[in-house]
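> Sharing a sequence plus its predicted fold:
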Amino acid sequence: MGKRIDLSNKRFGKLKVIRQVGSSRNGSLLWECLCDCGNTAIIRGDGLKSGHTQSCGCLRKEESAKSNTIRLTTHGMSGTRLYRIWRGMKTRCLNENEKYFKNYGGRGITLCEEWLNSFEAFYKWSLENGYSENLTLDRIRVNGNYSPDNCRWATYEEQQNNRRDNYLVTLNGETSTLANMCRKYGVNYHTVCTRIFRDGISPEDAIFKQFKPIKAPTIRNKVLF
């Protein structure tokens, strides 16, 4: 057995060794230590000398709390809808390989510096400006950037009415989006779109004309003798 080293008054991390207080079942010496946090603890000598134990346990708690704080601050909301919306903005505006980049970053649309560098800033703005799960992020000026002064939380219909490629129609001397006209006259928007863009029917006829449903041909069973 090697010579046992007296660890009294030596410091290991946050621990200062006071005295030896016995040994463990496997023969390791046990030392009473005073931690910088004020607690005392009985620590195995080999744990002290190897550097494995450097506190009464408070250091691990501090590191865990710090890690939790960092996780909550930077990634704690990575699974939320708001975080996905924020990441989507950045991707559309900055990633040239993104499918819709040509409609955003490719047109010069980007994020304000505040939102670009901080999800927390976007999160705070969202909560202060009426965010809810049923609303979508809408740019007020469709050629403007994503920024607090050019964004709002809107319904899907409101956002569609603000799209740069909205289809405008004039009926009875009034010009508005096709979606608005469909709501005004109580007709199904998707049906009207099909009539106009697939069948080539004029917007006026597509909205006002009543089309007779096409009956499927009747197939009579033949009797074979």
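Arrived safely. Numbers count the residues shown, from 1 in each chain.
> What is the neighbour count of Ser23?
Neighbour count of Ser23, defined by other Cβ atoms under 10 Å: 13. To be clear about C-beta, it is placed using only N, CA and C from the backbone, and glycine gets the same treatment.
> dump the residue contacts of it.
Applying Cβ atoms under 8 Å, 6 or more residues apart in numbering to Ser23 gives the contacts Leu29, Leu30.
> Which of the helices or strands spans Arg183?
helix 178-185 (DSSP states H and E).
> and that helix, which residues are buried?
Leu178, Ala179, Asn180, Met181, Cys182 (16 or more other Cβ atoms under 10 Å).
> Please identify the nearest residue in space to the most centrally placed residue in the chain, excluding sequence neighbours.
For the chain, Tyr83 is the residue whose C-alpha lies nearest the centre (Cα atoms, centre = their mean; 1.8 Å). Take Tyr83 and drop its neighbours on the chain: the residue closest to it by Cβ to Cβ, 6 or more residues apart in numbering is Met77, 4.8 Å away.
> for the one you found, helix, strand, or coil?
coil (DSSP: H, G, I helix; E, B strand; the rest coil).
> surely it meets Tyr123?
Yes: between Met77 and Tyr123 there is a contact under Cβ atoms under 8 Å: 7.0 Å.
> avg pLDDT for the longest strand along the chain?
Across the chain, the longest stretch assigned as strand under DSSP state E is strand 15-23. In this model, strand 15-23 carries a mean pLDDT of 91.
> if we can go back for a sec, report all helices and strands that the helix holding Arg183 contacts.
helix 156-161, strand 168-171, helix 189-193, helix 203-208 (3 or more Cβ pairs under 8 Å, 6 or more residues apart in numbering; DSSP states H and E).
> Go through these and pick out the most buried.
Highest mean neighbour count of these: helix 203-208, a mean of 17 (counted as mean count of other Cβ atoms under 10 Å).
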